[in-house]
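**Student:** Turn this into a model:
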Amino acid sequence: MRRRTFWLLLCLFLGVACFSGYQVLRTLGEYRAGETAYSELEQFVTLPSAPDETAPAEIEETPAEPAWPEVDFAELAAVNPDVAAWLYGPDTGISYPVVQGEDNDYYLDHLFDGTANGAGCLFVDAACQPDLSGRNTVIYGHRMKNGTMFAALGNYREQAYYDAHPSFLLLTPERRYVVEWFSGYVADTEESAWTLDFSGEESYLAWLEEVRGKSDFSCGVSPTEEDRVVTLSTCSYEFENARFVLHGILREIR
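**Tutor:** So this is what the prediction gives:
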């Protein structure tokens with residue numbers, strides 16, 4: 001009887017171990033496939049060269065023009081016509097295409113090229129205006145454990161990280177934008193961070209004041225009723241249904 005129990009337990013242990021090993025290998029395989037797929041898209045994008053840190057610093061009276069990536073949207077559209085933009089966060093590891101689909105489900109587990117993969121793709125909320133003309137445009141992305149996609153967003157809980165990365169660049173086929181971050185914090189999915197429609201100017205201003213007051217970092221960026229906002233949203237793990245959100249003002253560069 002004891003021997004039979006021993007063998008049953010051993011088989012159970014080996015079964016659990018094999019299944020766990022399979023799950024780990026499957027996850028690692030998805031990570032590699034996702035990284036490879038997005039690396040292949042780099043042929044359509046030329047990122048700015050890294051600054052020469054050995055060169056003497058120059059004192060500038062006016063802010064320097066951002067170093068913009070060059071994006072071939074025609075080639076990206078040939079791969080996926082849902083492409084809406086390219087999001088680039090200098091020195092954050094975030095440099096990805098952004099799509100907008102018919103719903104908010106498909107790109108949770110499909111790569112830019114349509115391959116089924118848990119890494120998904122950065123995507124604009126399907127209810128947002130495709131030309132970014134809405135008062136709040138929400139972009140979703142996974143917080144991957146291998147450091148890809150929106151993994152870096154949680155770093156904005158630290159003041160020093162915000163100070164070093166106060167803005168992103170967002171390019172569309174027609175326009176270029178600087179996104180100046182003014183608030184970042186952990187939110188419950190029942191909170192107002194993802195509000196898209198506002199009853200009027202007063203409602204919008206109240207929302208701006210609310211989300212700015214929740215920020216984990218301090219900054220001198222003060223949005224007004226004339227500004228449009230981009231919100232980046234990703235998973236967080238402090239509690240059930242926690243998300244980290246980052247709000248920024250959309251500044252068009254002509």
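**Student:** Tell me the spacing between Ala242 and Tyr185.
**Tutor:** 11 Å (Cβ to Cβ, to the nearest Å). (Glycine included, C-beta is placed from N, CA and C.)
**Student:** Comparing the two, which residue is more hemmed in?
**Tutor:** The neighbour count for Ala242 versus Tyr185, taken as other Cβ atoms under 10 Å, is higher for Tyr185 (21 against 13).
**Student:** tell me the contacts of the nearest residue to the more buried one once chain neighbours are set aside?
**Tutor:** Nearest non-adjacent residue to Tyr185, counting by Cβ to Cβ, 6 or more residues apart in numbering: Lys214, 4.4 Å away. Contact analysis of Lys214 by Cβ atoms under 8 Å, 6 or more residues apart in numbering lists 183, 185, 187.
**Student:** can you pull up the bridge partners for Ala116?
**Tutor:** Following DSSP bridges, Ala116 is listed with bridge partners His110.
**Student:** Tell me if I'm right that it and Asp109 touch.
**Tutor:** Yes. In this structure, Ala116 is within contact of Asp109 by Cβ atoms under 8 Å, at 6.1 Å.
**Student:** which of these two has more neighbours?
**Tutor:** Asp109 (15 against 10).
**Student:** list the contacts for that one?
**Tutor:** 116-118, 120.
**Student:** which of these has the most neighbours?
**Tutor:** Gly120 (22 neighbours).
**Student:** mind listing the helices for the stretch 1-150 of the chain?
**Tutor:** Ranges of helices in the stretch 1-150 of the chain, per DSSP state H, counting those that start in this stretch, are 2-40, 73-79.
**Student:** hey, least reliable of the ones you listed by pLDDT?
**Tutor:** Of all the helices of the stretch 1-150 of the chain, helix 2-40 carries the lowest average pLDDT, namely a mean of 63.
**Student:** So Met144 sits against Ala151, correct?
**Tutor:** Yes. The pair Met144 and Ala151 qualifies as a contact (Cβ under 8 Å) at a distance of 5.2 Å.
**Student:** In contact with Glu201, which residues?
**Tutor:** With Cβ under 8 Å, 6+ apart, Glu201 has these contacts: Glu225.
**Student:** In this structure, where is pLDDT below threshold?
**Tutor:** Residue ranges of the chain with pLDDT under 70: 1-29, 31, 50-64.
**Student:** mind checking how far the residue positioned nearest the centre of the chain is from Phe198?
**Tutor:** Against the mean C-alpha coordinate of the chain, by Cα atoms, centre = their mean, the closest residue is Phe150 at 4.0 Å. As judged by Cβ to Cβ, Phe150 and Phe198 stand 25 Å apart.
**Student:** how about Asp125, what does it touch?
**Tutor:** Shown in contact with Asp125 (Cβ under 8 Å, 6+ apart): 100, 104, 137-140, 194, 196.
**Student:** one more time with 10 Å, if that's ok
**Tutor:** The contact partners of Asp125, by Cβ atoms under 10 Å, 6 or more residues apart in numbering, come to 100-101, 103-104, 134, 136-140, 194, 196, 231, 233.
**Student:** sorry, back to before: identify the residues contacting the residue nearest to the centre of the chain.
**Tutor:** By Cβ under 10 Å, 6+ apart, the neighbours of Phe150 are 87, 89, 92-94, 96, 120, 122, 139-144, 232-235, 244, 246.
**Student:** Buried ones only from those, please, as a ChimeraX command.
**Tutor:** Here is the ChimeraX command that selects the buried residues among those (16 or more other Cβ atoms under 10 Å):
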select :87,89,92,94,96,120,122,139,140,141,142,143,144,232,233,234,235,244,246
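**Student:** Which of the contacts of Phe150 fall in strands?
**Tutor:** The strands in this structure, assigned by DSSP state E, contain 87, 89, 94, 96, 122, 139-140, 232-235, 244, 246 from those.
**Student:** what's Glu252 sitting at in phi/psi?
**Tutor:** When read as degrees, to the nearest 10, the backbone of Glu252 gives phi -80, psi 140.
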